[in-house]
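Asks: Pasting the sequence and the predicted coordinates here, then a few questions.
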Amino acid sequence: MSSELFARANDVLRGKTRPRKQKHDFAFSGLLRRAYDNCAVTAEFKKQKCTYCRCTGYRGKCDLPYFREEEMGERLGHGLQAIHIPDDVLAQLEESLLCLTI
């Protein structure tokens, strides 16, 4: 058995043959983790109109309450407003991005 065939067989056994489909796109999917226990923060669409964020509870029951996605955006926005990028660093970033697009 070739190593390529072996790897493909392992992927089939692990269920990695197809990418998983997502039903909804959430603004913060895969971006946030709790500082307390390093669990991911996930989102759920409830009542066909609201998106709620919560801890995945991967490391046990979690006391983090559910909160709306809009509230999460506001909280993150307040934190990001305090970040200041010096002009020289900003110029380097812009130059690097221009080089990538060429």
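Replies: Sure thing, it's come through. Note that this is a predicted model, so its numbers are computed, not measured.
Asks: Helix, strand, or coil at residue 75?
Replies: Assigned with DSSP: H, G, I helix; E, B strand; the rest coil, residue 75 falls in the helix class.
Asks: Near it, how many other residues are there?
Replies: By other CB atoms under 10 Å, 11 other residues sit near residue 75. All C-beta spots, glycine's among them, are computed from the backbone N, C-alpha and C.
Asks: same thing with the one 5 residues further on?
Replies: Neighbourhood size, residue 80 [other CB under 10 Å]: 8.
Asks: my hunch is that it is in a helix, does that hold up?
Replies: Yes: judged by three-state DSSP, residue 80 forms part of a helix.
Asks: Please spell out which residues along the biggest helix by length in the chain are buried.
Replies: Taking DSSP state H as the criterion, the chain has its longest helix at helix 87-101. Judged by neighbour count (16 or more other CB atoms under 10 Å), helix 87-101 contains no buried residues.
Asks: Now do the helices in the protein.
Replies: Along the chain, counting by DSSP H, helices occupy 3-13, 69-81, 87-101.
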